[in-house]
Every structure is written in C-alpha cells, then in structure tokens.
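1. need the 3D shape of this:
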Amino acid sequence: MTNRPRATTTTLVLATTVMLAAIVLPAAHAASLTGQRVLAVVDEPATAQATYSQLLQMLTDRGFTVDVQASGPTVRLVEHGDRTSDHLLLLAPSKPLKDALAPAAVIDYLRTGGNLVLAMAAGVTDSYKDVAYELGLDVSRPASSFAPGKSAVVVTDVTALVPAATARAAAASSDSASALAYPQGLGLTVHAATNPGIEPVLSIGGSAGTPAEVLVAAVQATNGARALVLGSAGMLANAAFSPNRAIVDQLLQWTMHEKSVVRVVSASHAKFGGSKQLDMYRIRDTITYNITLQQWTVDRWRPYLVAAGDQLQWSATMLDPYLRLPMSLAFTTATAATYTVTAQLPDVYGVFTLAVQHARAGWTWIDHAETISIRPFRHNEYPRWLTVAWPYYAAVVMQSVAALVVAALWVTYRHVPAPGGTGEEKKKDAPVVADPVARANAAAAALIKAEQHEAATTSASSRTSGRGAAEPSPVGGRARKRKN
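-> Numbers count the residues shown, from 1 in each chain. Predicted structure coming up:
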C-alpha cells in the first residue's frame with residue numbers, strides 16, 4: 001500500500017522531466033530536408049569500405065545514416081507504401097538492376113520524393129542506361145579523351161549547384177597534376193527537350209564542329225526530387241576522391257537537399273489598403289499580392305533573394321495570362337524575404353488563377369497558385385454618370401429641347417393673310433376667337449348665314465324651272481309641229 005504512491009510520484013517526476021527536456025533542449029537541425037537515411041547499393045558490401053570508405057565517411061560525418069547493401073533481390077526501396085531510405089546511391093554499374101531495383105522502380109522512387117546518385121562506368125549494364133535515359137540522358141561513348149593536362153574541363157556557372165570559388169578552382173586545376181579525376185568514364189548526351197530540368201555540371205569543351213561532352217549532369221524533377229548522374233563511378237572511389245572531394249561535396253549537398261532548396265512560407269492577397277483576404281473580387285479592383293520565400297542552406301533557413309537582373313513574376317490567368325507583372329522585394333528578415341506586387345484586376349469576370357512560377361537552374365522550382373473569382377458590377381455599384389455614355393446623354397437632351405421648341409412654335413403660331421386676297425381666303429384667314437361665348441355667337445351667325453344662302457339658292461332654282469315649263473322652246477315647238 002505504501003509503495004503505490006511512491007511509484008506514482010516517481011512516474012510523474014520522470015514524465016515531467018522528459019517533457020521539460022523536450023521543451024528546453026533545442027531540436028537538432030537535419031542537414032537534409034528530405035531525411036538522413038542513405039542506401040548505398042554496391043557490388044559487394046565487404047569491399048565497399050575499401051573502395052568508397054572516404055565517401056561513406058564524409059556522409060556519416062554530415063549526420064547521415066548509411067546502409068550499405070549488395071545489389072540483389074533483398075534490397076527494398078519501398079515497404080508498406082513508405083520509402084525505406086531518403087537517398088539512393090547506385091554504385092554497382094556492372095550489376096543489372098532488377099527486382100525491387102528495376103529501372104521502373106527507381107523512377108517511382110524519384111516520384112515519391114527520394115533522391116538518386118547514379119554512377120556509371122565502362123561496361124555499364126543496360127539497366128543503368130535505361131535509368132539515365134528516363135532522366136533525359138544517353139550514354140554516347142567512353143570519354144577516353146578526358147585526361148589531366150590534355151583536356152580542359154568546363155564547370156557549370158550555376159552557383160546553386162557549385163559555388164563560384166569551387167568552379168574556378170576545378171577549372172583552373174584541369175591542366176595540372178591535381179586535376180579532376182575521371183577514371184574509366186563515359187560521355188553523356190543531354191536531351192534538354194525531353195527534360196528541361198537537366199543541367200550539365202562537368203563537360204569537356206568541344207570544338208567548333210564538335211559539341212561539348214557531358215561528364216556529370218544534375219537533374220531536378222518537377223516534384224523537387226533530385227538526381228546526380230556521373231559518367232564515372234571512379235570519381236567517388238578512394239583512388240580519385242582527393243582531387244574530386246570539393247566538387248563532389250558540393251554536388252552531394254545539392255542532391256541530398258542540403259542546399260538550394262526554396263519553399264513558400266506564406267502567400268496572401270487583399271484589396272489595396274486592406275488586410276482581409278477575399279475569395280471574390282470585383283472587376284477592376286486593385287489588389288496587393290504578397291509571397292514569403294525561404295532557402296535552406298546546410299543548417300538553417302535564410303531569405304531567398306532573387307539574383308540581380310532576374311525577376312520574380314506574378315500572373316493572373318484564366319486560360320491565358322491577363323496580367324504578368326514583376327514582383328518587388330518588400331522586406332527581409334533573418335529567415336525569410338517577402339515580395340509584393342500591386343495590380344488592377346482585368347475588366348473580365350470569371351475564375352482566375354493567381355500564380356507565382358519561378359524555375360531557375362539549380363533551385364527548387366516555385367509553383368504556387370490559388371484561385372479567386374472576379375465578378376461584374378452589381379446593379380447598385382455602377383457610377384451615376386458613365387464617361388463613355390456622354391454622347392447618349394447629349395442626344396437625349398437635344399431631343400428634349402427640340403420637342404419643347406416644336407411644341408412652343410405650334411402653340412404660339414398665328415397665320416397672317418397675304419394682302420389683296422379673296423373673301424374666301426379672308427374667311428379662312430379669320431382669326432380664331434378664343435372666347436367661348438364669342439365663339440358660340442360666331443358659330444350661330446355662320447349657321448344663319450349658311451341657311452340664308454341655302455334658301456336663296458333654292459328660290460333661284462325654283463324660278464328657273466317654272467319659266468322653262470310655261471314658255472317652250474321655239475326650236476322644240478317647231479320640231480314637234482313638223483313632226484305632227
């Protein structure tokens with residue numbers, strides 16, 4: 001009975017200690033953002049330590065957990081839907097890739113986000129060539145022409161892959177005894193049209209009629225996975241590792257996501273002068289779009305700054321881009337950089353995509369997009385007077401004024417008879433009497449006058465007809481008499 005409280009108290013003390021330790025002790029920063037697990041596939045694990053001991057030791061010193069296995073059916077890249085490793089080193093070019101290491105499985109490994117180092121050599125199997133071909137590379141011929149002091153090596157100028165100092169040192173030593181070693185290597189042909197994410201790292205400078213021959217190439221997939229293809233596995237072996245150490249170190253850092261990794265921390269948009277993000281805006285609204293970016297460099301996050309002369313572009317797209325504007329650097333902090341752009345939305349309503357797409361050699365591709373709706377004006381949001389409608393307003397005013405003028409002329413018009421006209425014309429030209437009583441009297445007088453005129457006409461007609469019956473025509477009488 002007395003031991004239970006002590007046990008409970010001890011458990012609480014231990015749990016509290018563990019929680020405090022988890023809070024107080026700083027979390028260890030991983031050198032690689034993908035993970036620390038490395039799977040190295042070699043010909044024989046027993047001889048791997050003697051062949052690649054310096055390479056494996058360098059990875060171990062950087063904090064990676066290296067698992068060395070022989071190429072065979074026991075190797076597993078994926079188990080229960082999860083990767084068994086974060087980085088895959090294929091260092092057995094003389095052994096075919098089959099079973100779980102088949103070329104299709106290796107490409108699927110890249111699709112899941114794993115990184116790959118593919119090392120080839122003279123006598124490489126077709127399965128290694130198939131993996132290289134899927135990455136957009138082809139084996140051309142043995143690079144026998146590359147020898148220290150005879151061939152000038154060209155090192156890429158992409159600082160995201162190889163720093164400028166390392167590239168200058170490698171290029172300067174290509175004609176000296178400490179030149180880069182490339183034993184039993186193969187030349188590579190780059191199919192840039194197949195994969196635009198390929199960047200040649202080392203190549204032999206070609207002449208006017210001969211293109212440069214690629215020795216080492218870096219490949220970045222659209223999902224951010226990276227692959228390093230070496231035409232010579234001997235570059236990583238102990239015999240040639242010393243002169244190659246500086247450039248191999250930089251290339252492995254890049255391949256394993258230890259540097260040149262860019263991510264979007266946040267993105268927001270709002271009306272100009274406001275802070276609330278909306279899902280729907282009105283046509284011709286002015287909005288402000290902000291995006292915050294970071295880059296990972298070995299051990300910490302730093303602000304991602306666009307290179308001088310380059311631009312970070314923002315676009316508003318509905319099938320086609322209606323707007324495409326450069327973004328400007330708003331401010332930076334110790335760990336991030338924020339870019340901004342202010343733009344007036346197009347005079348078209350619909351569903352638009354606000355996107356920031358930034359693909360540069362050696363850097364993780366930025367592809368951030370979100371959709372908004374743009375609506376037309378509501379019936380009560382239109383301005384009272386439209387500038388484009390001024391001609392119509394003027395036409396309405398002119399028609400109204402013309403109607404008033406015609407009405408005024410019609411009401412006030414008075415006909416003046418011409419001098420010397422006939423009596424009938426004078427009657428017609430008689431003024432209209434506006435007084436109702438006078439008008440009635442005039443109408444009665446006109447009626448009486450008309451009756452008198454009609455009576456006179458009837459009397460004249462009667463007298464004319466009576467005279468004709470009493471006095472027959474002499475001509476007619478003689479005619480009737482001659483007939484009798």
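2. what's the pLDDT at residue 193?
-> As predicted, residue 193 sits at a pLDDT of 73.
3. where does it sit, in terms of helix or strand?
-> According to DSSP states H and E, residue 193 maps onto no helix or strand at all.
4. for the residue nearest to residue 97 when sequence neighbours are not counted, helix, strand, or coil?
-> Nearest non-adjacent residue to residue 97, counting by CB to CB, 6 or more residues apart in numbering: residue 127, 3.8 Å away. Using the backbone N, CA and C atoms, a C-beta is placed for each residue, glycine as well. Classification of residue 127 using DSSP: H, G, I helix; E, B strand; the rest coil returns helix.
5. from the chain's centre, how far out does the one helix or strand residue 188 maps to sit?
-> Using DSSP H and E, residue 188 falls within strand 186-190. Relative to the mean C-alpha coordinate of its chain, strand 186-190 is positioned 34 Å out (CA atoms, centre = their mean, to the nearest Å).
6. again, but for stretch 360-374
-> 7 Å.
7. how about that stretch: buried residues?
-> With burial defined by 16 or more other CB atoms under 10 Å, the residues of stretch 360-374 counted as buried are 360-364, 366, 368, 372, 374.
8. mind checking the end-to-end distance for that stretch?
-> Its first and final residues considered, stretch 360-374 spans 31 Å by CA to CA, to the nearest Å.
9. what's the answer for stretch 271-281, then?
-> First residue to last in stretch 271-281 (CA to CA) measures 8 Å.
10. which SS state does the residue nearest to residue 369 when sequence neighbours are not counted fall under?
-> Closest residue in space to residue 369, ignoring its immediate chain neighbours: residue 355 at 4.0 Å, by CB to CB, 6+ apart. Residue 355 carries the three-state label strand when classified by three-state DSSP.
11. figure out how far the one helix or strand residue 442 maps to is from the centre of its chain.
-> Per DSSP H and E: residue 442 is located in helix 436-470. Centroid separation for helix 436-470 versus its chain: 100 Å, with CA atoms, centre = their mean.
12. tell me the buried residues in it?
-> Neighbour counts over helix 436-470 (16+ other CB under 10 Å) mark no residue as buried.
13. coming back round to it: the residue nearest to residue 369 and residue 371, how far apart?
-> The spacing between residue 355 and residue 371, counted by CB to CB, to the nearest Å, is 10 Å.
14. the one helix or strand residue 315 maps to pairs with which strands, parallel or anti?
-> Counting by DSSP H and E, the element that carries residue 315 is strand 312-318. With DSSP bridges as the test, strand 312-318 is paired with strand 320-332 (antiparallel), strand 350-358 (antiparallel).
15. quick check: mean pLDDT of the shortest one?
-> The predicted model gives strand 350-358 an average pLDDT of 96.
16. the longest one now?
-> When the per-residue pLDDT values of strand 320-332 are averaged, the result is 96.
17. and stretch 42-56, by the same measure?
-> 87.
18. what's that stretch in contact with?
-> Residues from elsewhere that reach stretch 42-56 (CB atoms under 8 Å, 6 or more residues apart in numbering): 40, 66, 68-71, 91-92, 94-95, 236-238, 241-242, 245, 248.
19. show the buried residues in those residues.
-> Using 16+ other CB under 10 Å, the buried members of those are 40, 66, 68-69, 71, 91-92, 95, 236-237, 241, 248.
20. quick revisit: out of the strands paired with strand 312-318, which comes closest to residue 283?
-> strand 350-358 (9.7 Å; CB to CB).
21. before we move on, back to that, and the residue nearest to residue 97, how many residues sit next to it?
-> 18 (other CB atoms under 10 Å).
22. do I have it right that it meets residue 107?
-> No: under the criterion of CB atoms under 8 Å, residue 127 is not in contact with residue 107, lying 11.7 Å apart.
23. mind putting the buried ones among the contacts of stretch 42-56 into a markdown table with distance to residue 332 and secondary structure?
-> Below are the buried ones among the contacts of stretch 42-56 laid out as a markdown table (distance: CB to CB, whole Å; DSSP: H, G, I helix; E, B strand; the rest coil):
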| residue | distance to residue 332 | secondary structure |
| --- | --- | --- |
| 40 | 39 | strand |
| 66 | 37 | strand |
| 68 | 43 | strand |
| 69 | 45 | strand |
| 71 | 47 | coil |
| 91 | 41 | coil |
| 92 | 46 | coil |
| 95 | 49 | coil |
| 236 | 38 | helix |
| 237 | 43 | coil |
| 241 | 39 | helix |
| 248 | 32 | helix |
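24. reformat those as CSV; add distance to residue 187.
-> Output for these, formatted as CSV (distance: CB to CB, whole Å):
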residue, distance to residue 187
40, 25
66, 30
68, 29
69, 29
71, 24
91, 20
92, 21
95, 22
236, 18
237, 19
241, 22
248, 19
